[in-house]
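S.K.: got a predicted model here, sequence first, then my questions.
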Amino acid sequence: MGSFGKPDIVEIETDILIIGGGMAACGCAYELMRWKPEDVTVRLVDKAAMERSGAVAQGLSAINTYLGENKPEDYVRMVSNDLMGVVRDDLIFDVGRHVDNSVQLFEEWGLPIWKQPGDEEKPLSEGGKPVNSGKWQIMINGESYKCIVAEAAKKALGMNNIQERIFIVKLLLDANDDTRIAGAVGFSTREDKIFVYKTNAILCVAGGAVNVFRPRSVGEGMGRTWYPVWNSGSTYAMVAQVGGELTMMENRFVPARFKDGYGPVGAWFLLFKARATNNKGEMYLERNRDMLKDYPPYGLAKVPATCLRNHLILKELREGRGPIFMRTDKALQALAASYEEEFGPDEAKKKIKHLEAEAWEDFLDMSIGQAGVWAGENIEPEKVPSELMPTEPYFLGSHSGCCGIWTTGPSDIAPPEWQWGDKPPKAGEDPEPGQKNYNRMTTVQGLFTAGDGVGASGHKFSSGSHAEGRIAAKSMLSWVLDHRDFTPTLSANTTELAEEIYAPVRIYEAHKDYSTNIDVNPYYITPRNLQARLQKIMDEYVAGVGTMYTTNVTLMEIAVRKIGELKKDSKKMMARDLHELMRAWENYHRIYAGEAHLRHMLFRKETRYPGFYYNMDYNYVDEVNWKCFVNSKIDPVTGEWSVFKRAHKDLVSKS
Ligand code: SFD
Ligand code: AMP
């Protein structure tokens, strides 16, 4: 690596910095370029290559948020029900009213969207009817989804304003105002270079967090997860470290997925109308339906919340009636029989072939490993069922989860306590009234987020994350135009920042000759081993797969202590090269995301998400005391956490 270890320090000034190159970042880049005056500068920095970065890297086979003829109010009701009632209606409504336009743009940019017979040539924007799998989900041929969306963003922004393979390590506050963002710092994963950005506004959209919990995949399968392995909680960690308020970090997403390949289930349940059964062929949803009466809305929901559907699955697994089977065989056979009846044997044959191809394509388009499992295990989905299994927990704010960052909402809908600008609210207090509001701004001035970053508003998915990036773009631009006189001042010295980032490299250099086995050394710990230690703590004490998602206060208190020790030891992480340096910094971010989750879970004295986790000391939903947001904040100077409640408010009637 030649001069590795002596990084050049490059300083860059830009009015707007976008951290991440995923769906939200692409939406932001596209929208900014539609409105911004020429002299406002923008830079986008992604740790990977935008064409295939983030959760949509492999592609997707459905767009899960398209309202079509539904109203935004209905969308709010669906999301609220799915997330057990503690969500921000204003943020969800805002996504709902804008999301379809993003989907129409995707089609214009070349994304093939399935259409109803007769509408094949008619774009959505001209009234073309999509093929809905569910009420909110539409089918696409989406292997190249991310390439298409990234291409539009790149074209809008221009490659000279985009840097790929730069890992952002931390955000920097202004030296003259510790509630104001002024910059960020990161390193190249390809060259010996540190980048220091000075900026007026930041959109921090580095996705959710994976691999904080020990995954079910081990050994050679390690690295196979459902959500993207390369998103390591940077969004939550970096914003929290500069004092940004987090919300609902106790929420996690534990999706039921095709076992070992992590193939998504939505298309199977909704499009192919497959059913899932226990080992006796019984439908767990029917068998255990009465269990829904213990939780809001007390058995009345048309579609039970995702966590409650898991809750019913887990009863079967706990009581020895596993595995849960997705009856792909029965579903495809039933569809084949209906084709024969409707079209006759010859035409039906063709249609059945096409149907089987679609079943494979569902995975080839978004979760290739699942097609690999089918091929490797000789599974013919039209002949045999496949096992389903709840996965390890993930943190995300855009899919069927809602952890994330506390932000302002839209000025026309959000109540005054969810609006602010130059004077962000302090922990647990309301903001001063009368400030100009900037939608999707965090409690740090000039710092915005979207997609997986915005908490208390899930079910945006790919399309809603893009739309939310666009929403944030407009308000960031207005922030920058209103604060043109701001000159960012960094308190940290750039050489010190570079040394902090390269500390794992220095540690390795200083101690590498002490032992002959790279994994064993009293003076350092490898990022891989540190990650294993974090995952063991989270799995065993914080309700991972090892305990069937079960914990209690005593276990979590032990975890707080263990995480504290882990944080001390993490200072000894080493890195042999730039790739391992990225692994080390990913771990620093994972630790903070995991710690936030743990502290929120400890604070919430109830089990709001049965099926995602159980706190056995409070194994019930308490609507009187806990139908509220749990928020938290780190003091950027002392590093101390405070966790507190914020009142919940229904803005859309839920009946
Ligand atoms: O089947 C740094 N998602 C689905 N959405 C749908 O609309 N339909 C589906 O079919 C969906 N399904 C699905 C989905 C995801 C995955 C992995 C699978 C299946 C297998 C969800 C969406 O993909 C998701 O909601 C959005 O992508 C979220 O968007 P955003 O922008 O919040 O996150 P991102 O796209 O992952 O992008 C993150 C970016 O940050 C970069 N990054 N850059 C610099 N410095 C750092 N420190 C960084 N850390 C991360 C990343 O490289 C990336 O560019 S299904 O299950 O329902
Ligand atoms: P998934 O493939 O599980 O990520 O789900 C994709 C979409 O389908 C999401 O919008 C889910 O909420 C929805 N979905 C998945 N399973 C079901 C189900 N059994 N009933 C209703 N909606 C579902």
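M.R.: Okay, I see it. Ligands and ions are numbered 1, 2, ... in the order given.
S.K.: can I get the CA coordinates of the helix or strand hosting Met389 in CSV?
M.R.: Here Met389 sits within strand 386-390, counting by DSSP states H and E. Presented in CSV, the C-alpha positions along strand 386-390 are these (Å, rounded to 0.1, in the frame of the first residue of the first chain):
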residue,chain,number,x,y,z
SER,A,386,-40.1,-23.7,2.4
GLU,A,387,-39.4,-22.9,6.1
LEU,A,388,-39.9,-19.4,7.4
MET,A,389,-38.0,-18.1,10.4
PRO,A,390,-38.0,-14.8,12.3
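S.K.: which single residue in the chain comes nearest to ligand 1?
M.R.: Of all residues in the chain, Gly22 sits closest to ligand 1, at 1.7 Å by CB to the nearest ligand atom. Bear in mind the C-beta positions are built from the backbone N, C-alpha and C, glycine included.
S.K.: show the model's pLDDT score for the residue nearest to that residue when sequence neighbours are not counted.
M.R.: Distance criterion CB to CB, 6 or more residues apart in numbering; nearest residue to Gly22, sequence neighbours excluded, is Gly54 at 3.1 Å. pLDDT for Gly54: 98.
S.K.: using CSV, write out every CA atom in the stretch of helix or strand Val185 belongs to.
M.R.: Per DSSP H and E, Val185 falls inside strand 177-188. Below are the C-alpha coordinates for strand 177-188, written out as CSV (Å, rounded to 0.1, in the frame of the first residue of the first chain):
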residue,chain,number,x,y,z
ASP,A,177,-22.5,27.1,18.8
ASP,A,178,-22.7,23.6,20.2
THR,A,179,-26.2,23.1,18.9
ARG,A,180,-25.3,23.9,15.3
ILE,A,181,-23.8,21.5,12.7
ALA,A,182,-20.6,22.8,10.9
GLY,A,183,-19.0,19.8,9.3
ALA,A,184,-18.1,16.1,9.0
VAL,A,185,-15.0,14.0,8.7
GLY,A,186,-14.3,10.7,7.0
PHE,A,187,-11.7,8.7,5.2
SER,A,188,-11.3,7.1,1.8
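S.K.: next structured bit after it?
M.R.: Tracing the chain past strand 177-188, the next element assigned as helix or strand by DSSP H and E is strand 193-204.
S.K.: say whether ligand 1 is contacted by the following helix or strand past that next one.
M.R.: Per DSSP H and E, strand 193-204 leads on to helix 234-241 as the next helix or strand towards the C-terminus. Yes - under the criterion of CB under 6 Å from any ligand atom, ligand 1 is reached by helix 234-241 at Ser234.
S.K.: which residues in the stretch 451-600 of the chain form helices?
M.R.: All helices of the stretch 451-600 of the chain, identified by DSSP state H, counting those that start in this stretch, fall at 461-482, 494-501, 503-511, 527-541, 553-570, 578-603.
S.K.: so is the longest one next to ligand 1?
M.R.: No - figure legend: helix 578-603 not in contact with ligand 1 (CB under 6 Å from any ligand atom); closest approach 6.7 Å.
S.K.: pretty sure Phe167 sits in a strand.
M.R.: Yes - assignment of Phe167 by DSSP: H, G, I helix; E, B strand; the rest coil places it within a strand.
S.K.: helix/strand/coil for Ile18?
M.R.: Per three-state DSSP, Ile18 ends up strand.
S.K.: who's in contact with it?
M.R.: 25, 28-29, 42-45, 202-203, 205 (CB atoms under 8 Å, 6 or more residues apart in numbering).
S.K.: for Trp109, same thing?
M.R.: By CB under 8 Å, 6+ apart, the neighbours of Trp109 are 148-149, 151-152.
S.K.: just the angle between the helix or strand hosting Lys146 and helix 461-482, please?
M.R.: Using DSSP H and E, Lys146 sits within helix 145-157. Helix 145-157 runs at 20 degrees relative to helix 461-482, counting by axes from the mean of the first three to the mean of the last three CA atoms, to 10 degrees.
S.K.: tell me what helix 145-157 is packed against?
M.R.: The elements that helix 145-157 packs onto, with contact taken as 3 or more CB pairs under 8 Å, 6 or more residues apart in numbering; DSSP states H and E, are helix 23-35, strand 42-46, helix 89-108.
S.K.: I appreciate the help and will end here.
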